[in-house]
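Novice: return atomic coordinates for the entry below.
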Amino acid sequence: MLLLGLFVLAVGVALILSGLFASDVSASGQVDLLGIDVTPATLFVLGVIGGAAVLWGLWISKFGVKREWRQRREQKQLDELSEKLGRAQAGRDRDLDEDEPKFI
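Specialist: Below you'll find the predicted structure:
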């Protein structure tokens with residue numbers, strides 16, 4: 001999820017930066033964006049889409065990081081419980097071995 005969020009964020013930033021720095025306005029009011037003639041309204045819509053992509057990418061990244069932290073915390077707790085259970089089982093087995101009569 002984190003990588004997907006970063007990818008969407010990068011696409012949004014690239015779209016916004018191309019609209020800002022790679023566009024030229026002709027005398028007739030047409031906008032040239034990366035060699036393609038677009039209307040000013042289209043350029044505005046591309047900027048809005050880029051901004052939405054940036055926000056969506058940040059949200060996806062945040063969600064992915066939270067999920068990963070939660071999974072790591074749960075795995076750490078499970079490992080600790082497993083270790084405690086292993087020590088308790090070893091102690092129980094040792095107690096059972098001491099209680100059994102020895103036949104020699």
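Novice: now the strands for this structure?
Specialist: Under the criterion DSSP state E, the chain contains strands at 23-25, 31-33, 36-38.
Novice: ok, which of these comes nearest residue 85?
Specialist: Nearest to residue 85, of all those, is strand 31-33, at 62.6 Å by CB to CB. Just so you know, the C-beta spots here come from the backbone N, C-alpha and C atoms, and that holds for glycine as well.
Novice: put together TSV for the strands of the chain, with mean neighbour count, mean pLDDT and distance to residue 4 on each row.
Specialist: Output for the strands of the chain, formatted as TSV (neighbours: other CB atoms under 10 Å; pLDDT from 0 to 100; distance: least, CB to CB, whole Å):
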stretch	mean neighbour count	mean pLDDT	distance to residue 4
strand 23-25	12	83	28
strand 31-33	16	84	26
strand 36-38	12	85	27
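Novice: switch these over to CSV; also include distance to residue 76.
Specialist: As requested, these are exported to CSV (distance: least, CB to CB, whole Å):
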stretch, distance to residue 76
strand 23-25, 50
strand 31-33, 50
strand 36-38, 52
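Novice: and of those strands, who's closest to residue 53?
Specialist: Nearest to residue 53, of the strands of the chain and by CB to CB, is strand 31-33 at 16.3 Å.
Novice: and that closest one, what other elements does it pack with?
Specialist: Strand 31-33 sits against strand 23-25, strand 36-38, helix 40-99, with contacts defined as 3 or more CB pairs under 8 Å, 6 or more residues apart in numbering; DSSP states H and E.
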